[in-house]
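Colleague: Would you be able to build a 3D model of this:
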Amino acid sequence: MPHPIMFADDDPGLAELRGIALGFPEAFEKVSWGRPVFCAPKMFAIYGGSSKTTGTVLAYPHALLVKIDESERRALEQDGRFFFPMYLGPFGWLGLDLDAAAVDWDEVRELVDASFRLTAPQRLIRCLDVP
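Modeller: Below is the predicted model of the structure:
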């Protein structure tokens, strides 16, 4: 049984995230787990997520999930806009709640760039660094 679709094309921040994520070499979008997932070929960004604390599931329908470098994790976890996403959190991912405050799209671009560099093949990463 497939997951129900849990987003709409006009969701807040989705168009902006698509513009950023699809600008990376060979990036494409697919729907997995009912959410937009950006891949190249491995996933490097997801729109929407959830978190589980003390048995309660909290939905973050307008969020960005990205893989985080361990050197950045501690600082980002101190920021109230970030959350530990269910299922992906143990694999180095964090979520940014896009509804928590005004979105800094330069920050989002940096987070997506870092996640891309942690997941994409070296040949695609080299494309980013060519002047």
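Colleague: what's the distance between residue 60 and residue 1?
Modeller: Per C-beta to C-beta, to the nearest Å, residue 60 is found 23 Å from residue 1. Just so you know, the C-beta spots here come from the backbone N, C-alpha and C atoms, and that holds for glycine as well.
Colleague: I meant residue 115, not that one.
Modeller: In terms of C-beta to C-beta, residue 115 sits 29 Å off from residue 1.
Colleague: Looks to me like residue 38 is in a strand.
Modeller: Yes: checked against DSSP: H, G, I helix; E, B strand; the rest coil, residue 38 lies within a strand.
Colleague: Distance of it relative to residue 102?
Modeller: For residue 38 relative to residue 102 (C-beta to C-beta), the value is 23 Å.
Colleague: which residues in this structure form strands?
Modeller: Under the criterion DSSP state E, the chain contains strands at 28-32, 35-39, 43-53, 56-67, 82-83, 93-97.
Colleague: Tell me the strands beside the longest one, with direction?
Modeller: When you say that, I think you mean strand 56-67. Its sheet considered, strand 56-67 pairs with strand 43-53 (antiparallel), strand 93-97 (antiparallel) by DSSP bridges.
Colleague: buried residues in stretch 9-23?
Modeller: Residues of stretch 9-23 classed as buried: 11, 13, 14, 17, 18, 20, 21 (neighbour count, 16 or more other C-beta atoms under 10 Å).
Colleague: The residue positioned nearest the centre of the chain: what's its closest spatial neighbour, skipping adjacent residues?
Modeller: Residue closest to the average C-alpha location in the chain (C-alpha atoms, centre = their mean): residue 65, at 2.7 Å. In this structure, residue 65 finds its nearest non-sequential neighbour in residue 46, 4.0 Å apart by C-beta to C-beta, 6 or more residues apart in numbering.
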